[in-house]
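> sequence below, structure please.
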Amino acid sequence: MARTVNVFVRSPDTRSERRYDLALTVGQLKNKLELVTGIPPQNQKISVYANEDVPEPIIVLSDDNRPLGFYGVRDWQLLKVDDLNPSVSFTGQLTDTSQVDKFELSPEEYEQRQDTVLAYKQRNKIGRFAEKPAEEDVEGEEVEIQIGARCEVESAEEDFRKRGTVKFVGSTEFAKGVWVGIEYDEPIGKNDGSVKGKKYFECKPNFGVFVKPDRVKAGDFPVEEINFDDEEM
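Presented below is the predicted three-dimensional model:
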């Protein structure tokens, strides 16, 4: 038969795991618990709970002369130690921060300190302080594509030529960099020359598209009629 038990001990200021001999009297236990909880033996009320999740105790260790074994204390039960006179032992004050003066800094003072998380991030270029890649120099980007030129747009589909006429070259509000607006010869586009309500050039719906200059090849590209009926019904 086991002669010791492993239990959890909880008080207003402490929580720990302990092992005690079942032959230990409640009075002797209280003397040991004073060193753990800071509560004098005469002010201790020890209740036994099946575990920390149950609201009601199994029993209260009320007789200082009885051993723990008498109360049937088992492994991993909870011994809850209440302080009957907290004004003497000052229990609960270690966890009560309501009366503690707070050290506060203004945002300006915080930014000047060198021992803060903010300063660490700034020194190591972390988060919003990370170096950003240089943005495209829109004004300095030269594009040798003329408005009105015939063109062919790079396609991922083999033997599929996407041809049209250049209608716009320049910067836009929908994305950075220089874009080329094209009116396709067939309705294989994505818009009518407008993006997000902004009109950049005129064309029929589904004939317009915007692509990056490196996908556009200007030259003598005659109109090719695309027959959609061969593959679609």
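> how about residue 81: what's its closest non-neighbour residue?
residue 11 (4.4 Å; Cβ to Cβ, 6 or more residues apart in numbering). Glycine gets a C-beta too; all of them are placed from N, C-alpha and C.
> any idea which helix or strand carries residue 210?
strand 208-211 (DSSP states H and E).
> tell me which stretches of this structure form strands.
Here the chain has its strands, by DSSP state E, at 4-10, 15-21, 44-49, 59-60, 78-83, 150-153, 162-171, 178-184, 194-195, 198-199, 208-211, 216-218.
> most packed of the ones you listed?
strand 178-184 (a mean of 23; mean count of other Cβ atoms under 10 Å).
> follow-up on the earlier one: can you pull the phi/psi pair for the residue nearest to residue 81?
phi -130, psi 180 (degrees, to the nearest 10).
> for burial, what's the neighbour tally of it?
Look at residue 11: counted by other Cβ atoms under 10 Å, it has 22 neighbours.
> OK, contacts around it?
By Cβ atoms under 8 Å, 6 or more residues apart in numbering, the residues touching residue 11 are 33, 36, 37, 38, 39, 80, 81, 82, 83, 91.
> same thing with residue 21?
When contacts are counted by Cβ under 8 Å, 6+ apart, residue 21 touches 3, 4, 68.
> let me know the pLDDT of it.
Residue 21 carries a pLDDT value of 95.
> with residue 53 instead?
The predicted local confidence for residue 53 is 88.
> over to the one 3 residues further on?
The confidence metric pLDDT takes the value 94 at residue 56.
> what's the longest helix along the chain in contact with?
Across the chain, the longest stretch assigned as helix under DSSP state H is helix 26-37. For helix 26-37, contacts defined as Cβ under 8 Å, 6+ apart pick out 9, 11, 13-14, 16, 18, 20, 24, 39-41, 44, 46, 61-68, 71, 79, 81, 83, 91.
> so which bits of that helix are buried?
The neighbour-count check on helix 26-37 (16 or more other Cβ atoms under 10 Å) flags 26, 28, 29, 30, 33, 34, 37 as buried.
> and for stretch 68-76?
For stretch 68-76, by 16+ other Cβ under 10 Å, it's 68, 71, 73.
> so what's the last one up against?
If a contact means Cβ under 8 Å, 6+ apart, then residue 73 has 5, 7, 22, 48, 79 as its contacts.
> what sits against residue 23?
Residue 23 sits in contact with 3, 67, 68, 69, where contact means Cβ under 8 Å, 6+ apart.
> so residue 164 sits against residue 182, correct?
Yes. Using Cβ atoms under 8 Å as the test, residue 164 is close enough to residue 182 to be in contact (4.5 Å).
> which neighbours do those two share?
151, 153, 209.
> just the contacts of residue 11: which has the poorest pLDDT?
residue 91 (64).
> can you list the contacts of residue 23 in JSON lines and add distance to residue 201 and pLDDT?
Converted to JSON lines, these look like this (distance: Cβ to Cβ, whole Å; pLDDT from 0 to 100):
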{"residue": "3", "distance to residue 201": "92", "pLDDT": "88"}
{"residue": "67", "distance to residue 201": "94", "pLDDT": "95"}
{"residue": "68", "distance to residue 201": "89", "pLDDT": "93"}
{"residue": "69", "distance to residue 201": "92", "pLDDT": "92"}
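> ok, of those residues, which one's closest to residue 186?
Nearest to residue 186 among the contacts of residue 23 is residue 68, at 90.2 Å by Cβ to Cβ.
> let me know the closest of the contacts of residue 11 to residue 53.
In terms of Cβ to Cβ, no member of the contacts of residue 11 lies closer to residue 53 than residue 80, at 12.6 Å.
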